[in-house]
Structure formats: C-alpha cells, structure tokens
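K.L.:
Output the structure for:
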Amino acid sequence: MTDEILVAAERPYPVRVAPGCLGGLSDLVGSRARRVAVIHPAVLSDLARTVGRGLEAQVTYVEVPNGEAAKSVGTLAAAWDTLAEAGFTRSDVVVGLGGGSTTDLAGFVAASFLRGVDYVSVPTTLLAMVDAAVGGKTGINLRLGKNLVGAFYEPVGVLCDLDLLAALPPAEVSSGMAEIVKAGFIRDARITELVAQDPADALDVRSVRLAELVRRAIGFKADVVTADLREATTAAEAEVGRESLNYGHTLAHAIEKQEHFTWRHGEAVSVGLVFAAEVARGLGLLDAAAVDLHREQLASVGLPITYTGAPWEQLRQTMAVDKKARGTTLRLVLLDGLRRPVVVEGPDEAVLRAAYESIAVG
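P.N.:
Residues are numbered from 1 along each chain as shown. A predicted model of the protein is given here:
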C-alpha cells in the first residue's frame, strides 16, 4: 500500500504514513508562515522542541495537559491568548503534536483563531493516527459530554510517523487497535483477517502487519470522509456515510464520562462495540457468530469486552446527550450483518437494557 493517502474532501490533504515521515513537516508548513505554534502535552516537550528546531520560523510552544484534560474551554482560551500575544496572523500555522486529545484541541484552536489558520496534525499514538488526526473533526469537551463543541476543519496535512509508536506502552497500542478492528467490522474484511491470523504480530509496532493495518484503517477513513465530510448522509433510511465511524461510540462516550476519562478511548470503544453488536443481535440484525467475532477480535488484542462501572439507568441518561441524538430520539450505528452499517433510531429500550446486561458481567 502507498505511504501517502489523499483525503479528497473540501480541502484535499495528504496523510503520510511511514517511518521517519516527521522529517517532512517543514514542507507542509511551507515558506509563507513566519510563526508556528506547536501545541503539545507536557510529556512530549522534548519532542516538540526537536520538531521546532527543524522549522524555519519563529516557534511558539503551547504546552497543554495530558489526555482529555487538554480538551477544556480554559485550555482553549489560554491557547488563543498565547497565539494573540505572539502576533499570529492568518498566514501562520498551528501544529498539533500528540495523541487524539491534543490533535482535537489543536485543530479547533486553528479553526477558530482569526476564523481559521493553517493546521498540521502530527499524531504520536496509534489511536490518534487511525482516528482523531484524520477526518477534519476538531473539538473540546463540556461538563455534560465529550466533543459537544467543535468544528469540521481540515488540516493541510497529517504526518503519521510510525517510528513514534516505539515509545508507546502496550496498553496504548491495544487502545489504538480498537479503531482498527472497528474498521474491519464496518468495511475492510482484510483487517479482520490480518488481526485473526496473528494478534500478537498486529500489536508489534515494528511489524509489517501493523503498518498495513494502520494504512488500511486510514485509507478506510479517508474514503468515508472524502464522500461525507460533514455527516450529511445520516437519515435513518439513507446511505450511512461518515456516521458509520461512530460505531460503538455511543456507549463508549458514556463510559468515558462515567470514568472521568480515566479509561483510554479505545478501551471504552471496545466495550461499546460489543454492546452495539449485542443490540444488533437483539434486533435481529446480527447473528451469534458475528457477535462472538467482536468479542474474540477485541480480546485478542488486549482490550476489555465487559463493563461493570455503573448501572444501566445512569449510562442511558448520559447517552441521551450524545451528539448523534435527534431531539429525544437516541440514534445508534449498528451492523445489519458484518460490513453493512445502518443507523437505527429509537431502538427498543428493553433490547438496550438486555445488551448492557450481557456485557455487565464480572
């Protein structure tokens, strides 16, 4: 597979996926920019300064909290102030260096400052490479829920340097695999095959297998985003476009909030995928073998498939605030057979409860 994947949406941009591709950052920043802001978590301060030294521009380093704590109104406002104080103009560039929370925040800083400055995404985790950094969704969290404020804003480019994965702890690699496995269920049967053949090799950050999985997952998302950047095809009986990427995420976001974002996103998505599969089985859309496949694939790459942290009533209330809801109607992305995503509006509450009870086991 190619090392460069084109996302040909409203503003086409390349996603480079290769060891060492971070060296191409100066080309993406370009010669027009006199100032570059590198937004990064504290844990990546050394890497941020290494990146900055390779740029022919005045570099401002914007340090933000680690993880979901970065995606707050306070952190957003502080970043705006920093850019204003540094004299940023619309010809300057924001670089988001870090995991998905950092790239979500940095993208929204770029989208909103001066009504839009150029943005380059440099994801440093597996999850961010295959999920947050590709697709043009940016945002922050509010007290009542995740990603409730944001914008669709495409970067000028994304650099997925596979060498950066070597620094990840095993739990972070497993977390990223949730979105890769999800892509297999939704669209790409080859992903499912690659994981099933050798789950341990799939978790090896130096393996050819993982590199192919990353490229396939990004290629899948690029195709979806190219066709439907702003989630236009989301009516119940229409073709399911970008909203299919939310498969497993409705319960996942509720779990993340319940756990005060101490769970990794991929861990919550893993449980959410099993829940969605059980709902689909309860509605007669998936058979038992497909549900078992969900559990087998996710468990094989070290992800949780059960959750006992809250009663159903509490999680159901949180799910009602999900972005995909319309009025008082809950909408779930489910599968009507493997690789056939559908949107189900107002699913039977008894089926939802039974699905949750099937995963709420010790």
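
K.L.:
Could you list every helix and strand that the helix ranked longest in the chain packs against?
P.N.:
Secondary structure of the chain read by DSSP state H shows that its longest helix is helix 208-227. Judged by 3 or more CB pairs under 8 Å, 6 or more residues apart in numbering; DSSP states H and E, the packing partners of helix 208-227 are strand 4-7, strand 13-18, helix 170-186, helix 189-197, helix 199-202. Bear in mind the C-beta positions are built from the backbone N, C-alpha and C, glycine included.

K.L.:
Can you list the buried residues in that helix?
P.N.:
209-211, 213-222, 224-226 (16 or more other CB atoms under 10 Å).

K.L.:
ok so, going back, any chance of CSV for the helices and strands packed on helix 208-227, columns distance to F275, mean neighbour count and mean pLDDT?
P.N.:
Converted to CSV, these look like this (distance: least, CB to CB, whole Å; neighbours: other CB atoms under 10 Å; pLDDT from 0 to 100):
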stretch, distance to F275, mean neighbour count, mean pLDDT
strand 4-7, 30, 19, 91
strand 13-18, 30, 21, 94
helix 170-186, 13, 24, 97
helix 189-197, 19, 16, 98
helix 199-202, 22, 17, 98
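
K.L.:
Relative to K257, which of those is closest?
P.N.:
Smallest distance to K257 across these (CB to CB): 17.2 Å, for helix 170-186.

K.L.:
just checking, what packs against that closest one?
P.N.:
helix 126-127, helix 189-197, helix 208-227, helix 265-282, helix 288-300.

K.L.:
make it 6 Å
P.N.:
The helices and strands touching helix 170-186, judged by 3 or more CB pairs under 6 Å, 6 or more residues apart in numbering; DSSP states H and E, are helix 126-127, helix 189-197, helix 208-227, helix 265-282.

K.L.:
tell me the angle it makes with helix 265-282.
P.N.:
Here helix 170-186 runs at an angle of 30 degrees relative to helix 265-282 (axes from the mean of the first three to the mean of the last three CA atoms, to 10 degrees).

K.L.:
Render the CA-only coordinates of helix 170-186 in PDB, please.
P.N.:
The C-alpha atoms that make up helix 170-186 are tabulated as PDB, following Å, rounded to 0.1, in the frame of the first residue of the first chain:
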ATOM      1  CA  PRO A 170       1.500  -1.800  25.300                       C
ATOM      2  CA  ALA A 171      -1.800  -0.500  26.700                       C
ATOM      3  CA  GLU A 172      -1.700   2.400  24.300                       C
ATOM      4  CA  VAL A 173      -1.100   0.100  21.400                       C
ATOM      5  CA  SER A 174      -4.000  -2.000  22.400                       C
ATOM      6  CA  SER A 175      -6.200   1.100  22.700                       C
ATOM      7  CA  GLY A 176      -5.400   2.100  19.100                       C
ATOM      8  CA  MET A 177      -6.300  -1.300  17.900                       C
ATOM      9  CA  ALA A 178     -10.000  -0.700  18.800                       C
ATOM     10  CA  GLU A 179     -10.500   1.700  16.000                       C
ATOM     11  CA  ILE A 180      -8.600  -0.600  13.600                       C
ATOM     12  CA  VAL A 181     -10.700  -3.600  14.500                       C
ATOM     13  CA  LYS A 182     -13.800  -1.400  14.100                       C
ATOM     14  CA  ALA A 183     -12.800  -0.500  10.600                       C
ATOM     15  CA  GLY A 184     -12.700  -4.200   9.800                       C
ATOM     16  CA  PHE A 185     -16.200  -4.800  11.100                       C
ATOM     17  CA  ILE A 186     -17.600  -1.800   9.100                       C
END
